[in-house]
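Participant: sequence-free structure coming up:
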């Protein structure tokens, strides 16, 4: 808990692997009138995750981070075993950022043998990332609901970088009456603008250098829109030209959608989200930005 | 609440149409250390529903019944508008049985415009009733999860009559870590053994008389099994002969499954659930019994 009366003492962070134990802790805190913030992660923590935790600490009395590389959101062609993992470093970072409870469950703790229940969000999950990763969002929605059942927090903190994921989780929470409010926090970026992602560690030096082109293309779209261009096709064309200067960046899609939705816009007449996905070497990267 | 010190006073039953208000009431009760039991219904209450409420009252400090004819569990060929409905009578029955809170939401309260999130239980929902009613169990699982998010009860009470439904809700609750325990209560029956169902009111006098054959066939299966018959095919054949004496009863299926599952059994070597479905006139009836 944050109400630490001795500023010199290091607050104690509890590492919990049992869902029942975590639920008891969260409920005990809430029964004492404390608010609880949840930061779900797959570990390999970076400044983006930690900014979510900072936001949770600023708003809530007690913070819960979860570290679980959720197998059900990886497709058969996606190598879950390759996903970066450094638990000791993650725990150290969470401790330094004043996290109160960390939930580090095993796969067996999270999925019963014969698990066969899925939360499916419809239309908003079936485009953009959903086209490329058909079971991804089903796995995401299911695990987030499960985590919220285990840690029934007052607020859940998500990163704007995974724009479509934030929409899906918000939709699920609204449609299923889950009693939690969603906080979306800004994308943390490297000095060249590359959105922070655990997957950035896959990039070799040359790929890493060229990966900055994604954010540059989003910035270009913003400049061209501010200069008066209203046609998303023109903006996309300019972005493609820009991305062509980074030959290791293989564009998958550029989408212009109304904020809070995946509804394509035909004309930039107000704030618009530009979402982009690209393959950089073997690594798939996504980013987005609000323009207009 | 049941801790009524004056037996002469009629306890006050609250009728609530707002999900937020119900959630507050349930949480307030739980914060005061009271346990809460939930009895979800579609109204048209009969002795079966009331036995669930009685079980909830016996176990919990506070009881919540819900009355909501859930549109998403009716297929396009199923006439939801025909579903029996008598709210005043239902409320009177609940009051008489000491219910504390009744939730009677509108469809608009329960489903946001553009509702698009579904809870899908896999294999256990895809056979028996699921074959005849393809979207039925998706609607059931989704609405029960939603009701549990609105009324986060300690225990939920379900009737054994809807055997497959009890399996699906139990599976959903286990797979999704929903913090509630399931209580399954025995099927309430009419004097001739017909399982109580709101749909029985659809039957005309002749259909109603012949509908008793369903339970008679389950009893026959029990007798033949007790007499030593181990082959489910023989039992089914005997049941079919029996049902042939009721020409208005059009059998859909007879299934022999292991208790707590929809796994067919090849031989009656222990307790076995016999599940039966039949069309009686325009009315579809189901029943089940434990034999062996």
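Facilitator: Looks like it came in fine. Please read these numbers as outputs of a predicted model, since none were measured by experiment.
Participant: quick one: low-confidence parts of chain A?
Facilitator: A:1-11 (pLDDT under 70).
Participant: and the longest helix for it?
Facilitator: Assignment by DSSP state H gives helix A:205-226 as the longest helix of chain A.
Participant: what's the following helix or strand past that one packed up against?
Facilitator: Per DSSP states H and E, the first helix or strand lying C-terminal to helix A:205-226 is helix A:232-243. Counting contacts by 3 or more CB pairs under 8 Å, 6 or more residues apart in numbering or on different chains; DSSP states H and E, helix A:232-243 packs against helix A:205-226, strand A:249-257, strand A:272-280. Quick note: C-beta positions are derived from backbone N, CA and C, even for glycine.
Participant: Any idea which of these gets closest to residue A:97?
Facilitator: Closest approach to residue A:97 among those is made by helix A:205-226 (25.0 Å; CB to CB).
Participant: May I have the strands that pair with the helix or strand where residue A:288 lies, each with its orientation?
Facilitator: Here residue A:288 is covered by strand A:283-291, with elements defined by DSSP H and E. The pairing partners recorded for strand A:283-291 under DSSP bridges are strand A:272-280 (antiparallel).
Participant: what's in contact with the strand it pairs with?
Facilitator: A:128-129, A:132, A:163-164, A:203, A:207, A:210-211, A:214, A:217-218, A:221, A:225, A:232, A:235, A:239, A:243, A:248-259, A:265, A:284-292 (CB atoms under 8 Å, 6 or more residues apart in numbering or on different chains).
Participant: distance of the residue lying closest to residue A:242 once chain neighbours are set aside from residue A:290?
Facilitator: With CB to CB, 6 or more residues apart in numbering or on different chains as the criterion, residue A:242 has its nearest non-adjacent residue at 4.8 Å, and that residue is residue A:217. Between residue A:217 and residue A:290 the distance, using CB to CB, to the nearest Å, works out to 15 Å.
Participant: Please apply the same query to residue A:36.
Facilitator: As for residue A:36, its distance to residue A:290 is 29 Å (criterion: CB to CB).
Participant: With neighbour numbers in mind, choose between these two.
Facilitator: residue A:36 (24 against 13; other CB atoms under 10 Å in any protein chain shown).
Participant: which residues pair with the more buried one across the strands?
Facilitator: residue A:62.
Participant: Just confirm it contacts residue A:151, I think it does.
Facilitator: Yes - Residue A:36 is in contact with residue A:151 according to CB atoms under 8 Å; the separation is 7.3 Å.
Participant: Overlap in contacts, these two.
Facilitator: A:26, A:64.
Participant: re the thing from before, may I see the buried residues of the strand holding residue A:288?
Facilitator: For strand A:283-291, a neighbour-count test (16 or more other CB atoms under 10 Å in any protein chain shown) marks A:283, A:284, A:285, A:286, A:287, A:288, A:289, A:291 as buried.
Participant: partners of the fifth one in the sheet?
Facilitator: To tie it back to what came earlier, the one meant is residue A:287. residue A:276.
Participant: near chain B, which residues of the stretch 1-150 of chain A?
Facilitator: A:19, A:23, A:31, A:112, A:115-124, A:141-142, A:145-146, A:149-150 (CB under 8 Å from any CB of the partner chain).
Participant: Next step: those residues restricted to strands.
Facilitator: Within the residues of the stretch 1-150 of chain A next to chain B, residues falling in strands by DSSP state E are A:117, A:118, A:119, A:120, A:121.
Participant: quick one on the thing from earlier: if any of the residues of the stretch 1-150 of chain A next to chain B are buried, put those into a PyMOL selection.
Facilitator: Selection command for PyMOL covering only the buried members of the residues of the stretch 1-150 of chain A next to chain B, criterion 16+ other CB under 10 Å:
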select buried, chain A and resi 19+23+115+116+117+118+119+120+121+124+141+142+145+146+149+150
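Participant: before we move on, back to that, hang on, the residue nearest to residue A:242 packs against residue A:245?
Facilitator: No - the pair residue A:217 and residue A:245 fails to qualify as a contact (CB under 8 Å) at a distance of 9.8 Å.
Participant: more crowded one of these two?
Facilitator: Remark: of residue A:217 and residue A:245, residue A:217 carries more neighbours, 28 against 11, as counted by other CB under 10 Å.
Participant: Next, the contact list for that one, please.
Facilitator: Per CB under 8 Å, 6+ apart, neighbours of residue A:217: A:239, A:242, A:243, A:254, A:276.
Participant: please redo it, this time with the cut-off set to 10 Å
Facilitator: Counting by CB atoms under 10 Å, 6 or more residues apart in numbering or on different chains, residue A:217 makes contact with A:235-236, A:238-243, A:245-246, A:249, A:251, A:254, A:274, A:276, A:278, A:287, A:289.
Participant: ranges for the helices of chain A?
Facilitator: Going by DSSP H, chain A shows helices at A:19-31, A:47-59, A:87-96, A:107-110, A:129-132, A:136-150, A:163-175, A:205-226, A:232-243.
Participant: Just name whatever secondary elements the fifth one is in contact with.
Facilitator: Judged by 3 or more CB pairs under 10 Å, 6 or more residues apart in numbering or on different chains; DSSP states H and E, the packing partners of helix A:129-132 are helix A:136-150, helix A:163-175, strand A:249-257, strand A:272-280, strand A:283-291.
Participant: List just the one of those that sits closest to residue B:81.
Facilitator: Here helix A:163-175 is closest among the helices and strands packed on helix A:129-132 (CB to CB), at 24.2 Å.
Participant: ok, back up a step: which of the contacts of residue A:217 are buried?
Facilitator: Among the contacts of residue A:217, those classed as buried by neighbour count (16+ other CB under 10 Å) are A:235-236, A:238-239, A:242-243, A:246, A:249, A:251, A:254, A:274, A:276, A:278, A:287, A:289.
Participant: How much space separates the closest residue to residue A:215 other than its chain neighbours from chain B?
Facilitator: Nearest residue to residue A:215, sequence neighbours excluded (CB to CB, 6+ apart): residue A:193, at 3.2 Å. According to CB to the nearest CB, to the nearest Å, residue A:193 and chain B sit 34 Å apart.
Participant: Buried residues of stretch A:265-276, list them for me.
Facilitator: For stretch A:265-276, the neighbour count (16+ other CB under 10 Å) marks A:265, A:268, A:272, A:273, A:274, A:275, A:276 as buried.
Participant: what's the first-to-last distance across that stretch?
Facilitator: In stretch A:265-276, first residue to last residue: 15 Å (CA to CA, to the nearest Å).
Participant: Tell me the one of the buried ones among the contacts of residue A:217 nearest chain B?
Facilitator: For those, the minimum distance to chain B (CB to the nearest CB) is 23.8 Å, reached by residue A:274.
Participant: Which positions within stretch A:89-102 qualify as buried?
Facilitator: For stretch A:89-102, a neighbour-count test (16+ other CB under 10 Å) marks A:90, A:91, A:93, A:94, A:97, A:98, A:99, A:100, A:101, A:102 as buried.
Participant: Next up, the contacts around the third one.
Facilitator: Read it as residue A:93. Residues near residue A:93 by CB under 10 Å, 6+ apart: A:45, A:46, A:47, A:49, A:50, A:53, A:65, A:86, A:99.
Participant: Just among those residues, which is most surrounded?
Facilitator: Highest neighbour count within those: residue A:65, with 30 neighbours (other CB under 10 Å).
Participant: OK, contacts around the closest residue to chain B within the stretch 151-292 of chain A?
Facilitator: Using CB to the nearest CB, the closest approach of the stretch 151-292 of chain A to chain B is made by residue A:175 at 3.6 Å. Going by CB under 10 Å, 6+ apart, residue A:175 touches A:119, A:121, A:122, B:111, B:112, B:114, B:115, B:116, B:117, B:118, B:142, B:146.
Participant: go again using 6 Å as the cut-off
Facilitator: Residue A:175 makes contacts with B:115, B:117, as judged by CB atoms under 6 Å, 6 or more residues apart in numbering or on different chains.
Participant: Look up how far residue B:179 lies from it.
Facilitator: The value you get for residue A:175 to residue B:179, if CB to CB is used, is 20 Å.
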